[in-house]
Structure formats: C-alpha cells, structure tokens
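J.: I need the structure of the sequence given here:
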Amino acid sequence: VQLQASGGGLVQPGGSLRLSCAASGSIFSINVMGWYRQAPGKQRELVAAITSGGSTSYAHSVKSRFTISRDNAKNTVYLQMNSLKPEDTDVYYCNADLMNSPVERSDYWGQGTQVTVSS
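T.: Below is the predicted model:
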C-alpha cells in the first residue's frame, strides 16, 4: 500500500492550501484517514481525522480553519486549510488505518509534504 500526498507549498499568512493524499495498493477498506504534522525536534501531532462514515475530529488549534474530507471511491483524503498562520508551518503527513483483507489490519504513512506560511 502507498499513500501519495501532494498540495504543500509556500503561502502568505491568511492564505489557503489544499492537501490531498491518495491510497493505492492492496486495500479492502479504509477505516480512518488523517493528517498529522511534525516540526523538527517535536512529536508528530494529529491535525484532523475522518472515519469511513464521515465523522471528523480536529486539533483545537485548527478547528474552524481546517476542513478534512474524503472520497471513499478514490481512497483519497483532503485537508482544506484556510486562514493559515505562521505557526501552521510544518511537514504534514497523511495516515491511513485500513484493512488489507477482511482479517488483516494495517497502518500506513505518506511521505510528508512541506507547508510553509510566511510573508
């Protein structure tokens, strides 16, 4: 299974970016997809997650600014980031908790995409 993330880049404070992450390979179903971020020397932290049924959860720092969504048919998760702040600067990683078969469950990470918020 591979997770291919895209959409990072440089944006000014107050701007927007949309991250995408597509899962491919031996996938029976996907339980939860999420986005995490990590700054150098810090622990990776959850930004947002979404279940197969569409239930979402967000870090307090991004609530009302970020929106996570997914396209189950495409095994793809999105993160719409609005009103970006310099403190949102990090490497963003997508994650998928999925079933490779009806009985085999695995956890996968994407390669990370850099988001830089700066004027």
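J.: ok, now how distant is the residue of the chain positioned farthest from its centre from Asn31?
T.: Distance to the chain centre peaks in the chain at Val103, reaching 25.2 Å (criterion: CA atoms, centre = their mean). Val103 sits 14 Å away from Asn31, going by CB to CB, to the nearest Å. Yep, even glycine has a C-beta here, placed from its N, CA and C like the rest.
J.: likewise Ala22?
T.: 17 Å.
J.: Ser6 against Leu17, yeah?
T.: No. Contact between Ser6 and Leu17 fails when scored by CB atoms under 8 Å: they sit 10.7 Å apart.
J.: more neighbours, the two?
T.: Leu17 (21 against 14; other CB atoms under 10 Å).
J.: Contact partners for the residue farthest from the centre of the chain?
T.: By CB atoms under 8 Å, 6 or more residues apart in numbering, the contact list for Val103 is empty.
J.: so where do the helices sit in this structure?
T.: Assigned by DSSP state H, the helices in the chain number zero.
J.: For beta bridges, what are the partners of the residue positioned nearest the centre of it?
T.: Of all residues in the chain, the one closest to the mean position by CA atoms, centre = their mean is Trp35, 2.5 Å from it. When bridges are called by DSSP bridges, Trp35 pairs up with Ala48, Cys94.
J.: who's in contact with it?
T.: The neighbourhood of Trp35, defined by CB under 8 Å, 6+ apart, consists of 19, 21, 46-49, 68, 77, 79, 92-95.
J.: let's see 10 Å
T.: For Trp35, the contact set (CB atoms under 10 Å, 6 or more residues apart in numbering) comprises 5, 19, 21, 46-50, 58-59, 62, 66, 68, 77-79, 81, 92-95, 110, 113.
J.: ok, now how distant is it from Tyr108?
T.: From Trp35 across to Tyr108, the span is 13 Å (CB to CB).
J.: Can you check which residues contact both of the two?
T.: Where contact means CB under 10 Å, 6+ apart, the residues bridging Trp35 and Tyr108 through contact with each are Cys94, Asn95.
J.: which stretches of the protein have low pLDDT?
T.: The model of the chain has no residue with pLDDT under 70.
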